[in-house]
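Peer 1: Generate a structure from the sequence data that follows.
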Amino acid sequence: MAEWVEAVELDVLRKKKKVLANVGGEDVVVYLFEGEPRAMADICVHKQKRLFKGLIFQGKLICPGHQWAFDVNTGWEEQMGRCQPVYDTRVTNGMVEIFAEPRVIVSPVAVAN
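Peer 2: The predicted structure follows:
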């Protein structure tokens, strides 16, 4: 059964903007978007590059390998029709927590709903 895992203090995330956390043995990149914590699997579904080394631009987390642009909220990559796993986040007592089971969408229709 999946559970919530402590990832990083919110104050630390605000200073660093992006950190790596380990959730169930998987590296997860945790970042702020519009002031809210978000989390995405660190290893790109395309060529296994580290998304932690990418940048966030116009609501997308850009992979440093081949510039796939994953939506920061859903993980959807529109041009290639693939999804990077994302994790639900919450803040409890100043600590960003990540739900240990990732979400993966299979189509843009799922994003709209």
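
Peer 1: Paired strands for the host helix or strand of V5, with orientation please.
Peer 2: According to DSSP states H and E, V5 maps onto strand 4-9. With DSSP bridges as the test, strand 4-9 is paired with strand 95-99 (antiparallel).

Peer 1: Where does pLDDT dip in this protein?
Peer 2: For the chain, the stretches with pLDDT under 70 are 1, 107-113.

Peer 1: what ranges do the helices span in it?
Peer 2: Under the criterion DSSP state H, the chain contains helices at 10-16, 108-112.

Peer 1: how much space is there between the nearest residue to F52 once chain neighbours are set aside and N93?
Peer 2: Ranked by C-beta to C-beta, 6 or more residues apart in numbering and with sequence neighbours excluded, the top spatial neighbour of F52 is V29, at 4.6 Å. No exception for glycine: its C-beta is placed from N, CA and C like everyone else's. To N93, V29 is 23 Å away according to C-beta to C-beta, to the nearest Å.

Peer 1: what about these two, which has more around it?
Peer 2: When V29 and N93 are compared for neighbours, V29 comes out ahead with 23 against 8, by other C-beta atoms under 10 Å.

Peer 1: Double-check that one against D42; I have them as touching.
Peer 2: Yes - counting by C-beta atoms under 8 Å, V29 does reach D42; the two are 4.7 Å apart.

Peer 1: Please enumerate the shared neighbours of these two.
Peer 2: 20, 51-52 (C-beta atoms under 8 Å, 6 or more residues apart in numbering).
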